[in-house]
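**Q** Generate coordinates for the sequence data below:
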Amino acid sequence: MKGIVFTEFLELVENKFGLAVVDKIIEQSSLKSGGIYTAVGTYDFSEMLSLLKHLSDHTKISIDDLLLTYAEHFFKVLADSYPGLIDKYEDPIELLASIENHIHVEVQKIYPDAELPTFEVLEKTSNTLIMIYKSSRAMYNFGLGLMNKTFEHYDCTATILVEKLKEDGTEVKFSISKN
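**A** Purely as a prediction, here's the structure:
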């Protein structure tokens, strides 16, 4: 997993819960990296799972809810750092439908060894989108949070239904209807 995901996560934890909580979850996690990350480095996904688990234990906030909150933070990072990726689109449905064939292609140029989820578009109209998310990491709530922020970015709302196609969350169907 790319280091930017870790560095931004720890920044969010510090901003919301304080530096002492960052230190605590790093210490509790017994990380191979020692909790020292660079944005361009690559780190084991198990480290993120450990950090999330310990933060959830400390805050009593579910991992799913933490991922939603983190995604909202991360969307702003992406929008600020790579405005061309988002500003190219005039509509949230268009942007979300382009994840696999445009946005992830651009991300791979920046981070060639990034392991990204896949999003297969099953159906698309001007106001609806049905996609299948697949990832061994099962971070679909992170994806959901990014989708929520996408609609917010375009000053509109949507109803997003999430259906687990595999119980472990490695394959999920998103049914999106723009309000």
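**Q** if I look at the most centrally placed residue in the chain, how far off is Val22?
**A** In the chain, the residue lying closest to the centroid (C-alpha atoms, centre = their mean) is Phe142, at 3.6 Å. Shown here: Phe142 relative to Val22, a distance of 19 Å by C-beta to C-beta, to the nearest Å. To be clear about C-beta, it is placed using only N, CA and C from the backbone, and glycine gets the same treatment.
**Q** cool, Tyr140 as well?
**A** 25 Å.
**Q** which secondary element of this structure has the worst mean pLDDT?
**A** helix 104-110 (a mean of 77; mean pLDDT, DSSP states H and E).
**Q** wouldn't the residue nearest to the centre of the chain be in contact with Thr69 here?
**A** No. Using C-beta atoms under 8 Å, Phe142 is not in contact with Thr69; the gap is 9.9 Å.
**Q** one step back: what lies in contact with the helix or strand containing the residue nearest to the centre of the chain?
**A** Phe142 belongs to helix 140-153 when elements are defined using DSSP states H and E. Residues from elsewhere that reach helix 140-153 (C-beta atoms under 8 Å, 6 or more residues apart in numbering): 63-65, 67-72, 74-76, 79, 86, 92, 95-96, 117, 119, 133, 157-158, 160, 162, 164, 169, 172, 174, 176, 178.
**Q** Mind checking which of those land in strands?
**A** Cross-referencing the contacts of helix 140-153 against strands under DSSP state E gives Phe119, Tyr133, Ala158, Ile160, Val162, Lys164, Val172, Phe174, Ile176, Lys178.
**Q** Most neighbours out of these, which is it?
**A** Tyr133 (24 neighbours; other C-beta atoms under 10 Å).
**Q** Report the residue spans of the chain with pLDDT below the cut-off.
**A** By pLDDT under 70, the chain contains no weakly predicted segment.
**Q** same thing but 90
**A** The model of the chain has pLDDT under 90 over residues 1-4, 30, 39-42, 78-88, 100-116.
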